[in-house]
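**Student:** Return a 3D structure for these sequence lines:
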Amino acid sequence: MNEEILIKAGLVRNEAKVYLALLQLGSASVTEISQGSGVERTLVYGVLRKLMEKGLVSSVVKINKKYFEPANPQKILDLIKEREKQIEGALPELKRMYKSIEKKQEVHHYKGKEGTKTILEELLKENKEWLIFGTTGKTAELLSFYLPQFHRKRIERKTMFKAIYSEESIKRAEEIKKMKFTEVKILPKEYMTPTHVSIVGNKVGIILWSEEPLGILIENKEIAESFKNYFKLLWSIAKTF
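**Tutor:** Residues are numbered from 1 along each chain as shown. Model (predicted):
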């Protein structure tokens, strides 16, 4: 578990193994580090050099023999903060580059859970009434940790959320109905689409909840208006509960 955390913090796997071994060994020779980490001795030298460049390892000579010692793990947080500063410094130029192309493409494709989160975040930035249909319990199931954060941000922005749920998802509909700035209606399952469609401003987000979720984000006023009209039709025949 600690190894995976270190990798997420920016270390490669062998660096994480060697650093964790040093935390257990304290001061150790290359041979001891190799045995303790499971990393081949010939590779340990290069790994130690990288860790020393990151400030996570130091060396000391004892009785004409070189030993290596781990730095305080607090240094890992310092490395993460340093990376954040570097990214922040690059953001203005990256945003300028993105702005030059964002209007050229009206349709964006996304894959996986992270891709669907990106679609929802992009729609949330619009700060406009949110119309959604085709909603099922699958969304809450696959994005169980993300959705509470999403709704918290939406409610803080006072964004109205009008949702049409399938009658098969009545339990989830009841949960959503209790939230502020929310209206919910129910439709029989035969009227519902297997896709999750959100319309916000001039944007439409379409998500297909398959084994690997697939999503499309469309920015087009005419397309958004056509989906809004379809939503209004469904809303007019849906039941309030």
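**Student:** and the stretch of helix or strand residue 4 belongs to, what other elements does it pack with?
**Tutor:** Using DSSP states H and E, residue 4 sits in helix 2-8. If you count contacts as 3 or more CB pairs under 8 Å, 6 or more residues apart in numbering; DSSP states H and E, helix 2-8 packs onto helix 13-25. All C-beta atoms are positioned from the backbone trio N, CA, C, and that covers glycine.
**Student:** mind listing the strands for the chain?
**Tutor:** For the chain, applying DSSP state E gives strands covering 57-62, 65-70, 107-111, 130-135, 161-166, 182-187, 195-200, 203-208, 214-219, 239-240.
**Student:** which residues of this structure score low on pLDDT?
**Tutor:** 1, 100-105, 135-138, 140 (pLDDT under 70).
**Student:** Go again with 80.
**Tutor:** Residues of the chain that meet the criterion pLDDT under 80 lie in 1, 97-105, 135-142, 189-194, 209-211, 241.
**Student:** Mark out where each domain of it begins and ends.
**Tutor:** 2-73, 105-240 (automatic domain parsing).
**Student:** Rebuild these as CSV, extending it with distance to residue 94.
**Tutor:** Below are the domains of the chain laid out as CSV (distance: least, CB to CB, whole Å):
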stretch, distance to residue 94
domain 2-73, 19
domain 105-240, 16
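**Student:** measure stretch 150-167 end to end?
**Tutor:** The first and final residues of stretch 150-167 sit 23 Å from each other (CA to CA, to the nearest Å).
**Student:** Likewise for stretch 187-200?
**Tutor:** Taking CA to CA, stretch 187-200 runs 21 Å from one end to the other.
**Student:** List the contacts of that stretch.
**Tutor:** 119-120, 123-124, 126, 128-136, 138-139, 164-168, 204-209, 224, 227-228, 231, 234, 237-239 (CB atoms under 8 Å, 6 or more residues apart in numbering).
**Student:** starting at the chain centroid, how far to it?
**Tutor:** 25 Å (CA atoms, centre = their mean, to the nearest Å).
**Student:** Centroid-wise, who is the farthest residue in the chain?
**Tutor:** Most distant from the centre of the chain: residue 63, at 50.5 Å, with distances by CA atoms, centre = their mean.
**Student:** And that one, how far from residue 47?
**Tutor:** In this view, residue 63 and residue 47 are 24 Å apart by CB to CB, to the nearest Å.
**Student:** try residue 164
**Tutor:** According to CB to CB, residue 164 stands 55 Å off from residue 47.
**Student:** Give the full set of residues in contact with the closest residue to residue 143 other than its chain neighbours.
**Tutor:** Sequence neighbours aside, residue 113 is the residue nearest to residue 143 in space, at 6.6 Å (criterion: CB to CB, 6 or more residues apart in numbering). Contacts here follow CB under 8 Å, 6+ apart; on that basis residue 113 touches 142-143, 146, 213.
**Student:** Can you say which two of the residues you listed are spatially most distant?
**Tutor:** Using CB to CB, these reach their maximum pairwise distance at 146 and 213, which is 12.1 Å.
**Student:** Compare those two and say which one has the larger neighbour count.
**Tutor:** residue 213 (22 against 17; other CB atoms under 10 Å).
**Student:** Now residue 29, what are its backbone angles?
**Tutor:** Main-chain dihedrals, residue 29, degrees, to the nearest 10: phi -80, psi 170.
**Student:** I figured it was touching residue 66, is that so?
**Tutor:** Yes - here residue 29 reaches residue 66: they are 7.2 Å apart, a contact under CB atoms under 8 Å.
**Student:** Among those two, which residue is more densely surrounded?
**Tutor:** residue 29 (15 against 11).
**Student:** how close does the more buried one sit to residue 60?
**Tutor:** Going from residue 29 to residue 60 by CB to CB gives 11 Å.
**Student:** Spit out the residues that contact the two alike.
**Tutor:** Common contacts of residue 29 and residue 60 (CB under 8 Å, 6+ apart): 66-68.
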